[in-house]
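**Q** build me a model:
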Amino acid sequence: MDILKVSSRSNPNAVAGTISALMKSDNEVEIQAVGAGAINQTVKSIAIARGYLAPTGLDIVCIPAFTNVDIDGVERTAIKFIIETK
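**A** Okay, the predicted model is just below:
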């Protein structure tokens with residue numbers, strides 16, 4: 001499964017395009033985001049990707065969960081979004 005890391009500066013349309021491309025080939029993607037801004041960009045990206053994939057007959061669902069990530073030697077709590085086909 002591919003893991004995407006999204007920041008508060010990520011372009012939601014670009015992330016949505018990546019999600020769409022990966023969903024067509026792998027049927028599962030994990031996205032990790034730390035902080036409110038990154039989570040906001042992630043949720044927008046997932047909504048946009050759903051719009052990209054719907055005309056192709058793919059419907060996606062999102063499963064959020066907590067995970068720990070290491071950033072510059074410091075352990076932080078992130079939100080991971082597992083995207084799967086319905």
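
**Q** mind telling me what element the residue positioned nearest the centre of the chain is part of?
**A** Closest residue to the average C-alpha location of the chain: I31 at 3.5 Å, with Cα atoms, centre = their mean. Using DSSP states H and E, I31 falls within strand 28-33.

**Q** same deal with A47?
**A** helix 36-53.

**Q** following that helix, which helix or strand shows up next?
**A** strand 60-71.

**Q** just the buried positions in the very next helix or strand once past that following strand, please.
**A** Using DSSP H and E, the helix or strand that follows strand 60-71 in sequence is strand 74-85. Under the neighbour-count criterion of 16 or more other Cβ atoms under 10 Å, strand 74-85 has A78, I79, K80, F81, I83 buried. Quick note: C-beta positions are derived from backbone N, CA and C, even for glycine.

**Q** contacts only, for the third one.
**A** Think K80. Neighbouring residues of K80 by Cβ atoms under 8 Å, 6 or more residues apart in numbering: E30, I31, Q32, A33, P64, A65, F66, T67.

**Q** isn't D26 right up against D2?
**A** Yes: in this structure, D26 is within contact of D2 by Cβ atoms under 8 Å, at 6.3 Å.

**Q** still on that earlier bit, so for the helix holding A47, what's the average pLDDT?
**A** The average pLDDT within helix 36-53 is 97.

**Q** can you check stretch 61-70 too?
**A** Computed over stretch 61-70, the average pLDDT equals 96.

**Q** from the centre of this structure, point out the most distant residue.
**A** Distance-from-mean max, the chain, by Cα atoms, centre = their mean: G73 at 23.5 Å.

**Q** so for that one, what's the pLDDT?
**A** 94.

**Q** what separation is there between it and S7?
**A** Distance, G73 to S7, using Cβ to Cβ, to the nearest Å: 18 Å.

**Q** A36 now?
**A** A36 sits 12 Å away from S7, going by Cβ to Cβ.

**Q** between these two, which has more neighbouring residues?
**A** S7 (13 against 10; other Cβ atoms under 10 Å).

**Q** what about the nearest residue to that one once chain neighbours are set aside, how many neighbours?
**A** Closest residue to S7 apart from its sequence neighbours, by Cβ to Cβ, 6 or more residues apart in numbering: A38 at 5.2 Å. Close neighbours of A38, defined as other Cβ under 10 Å, add up to 20.
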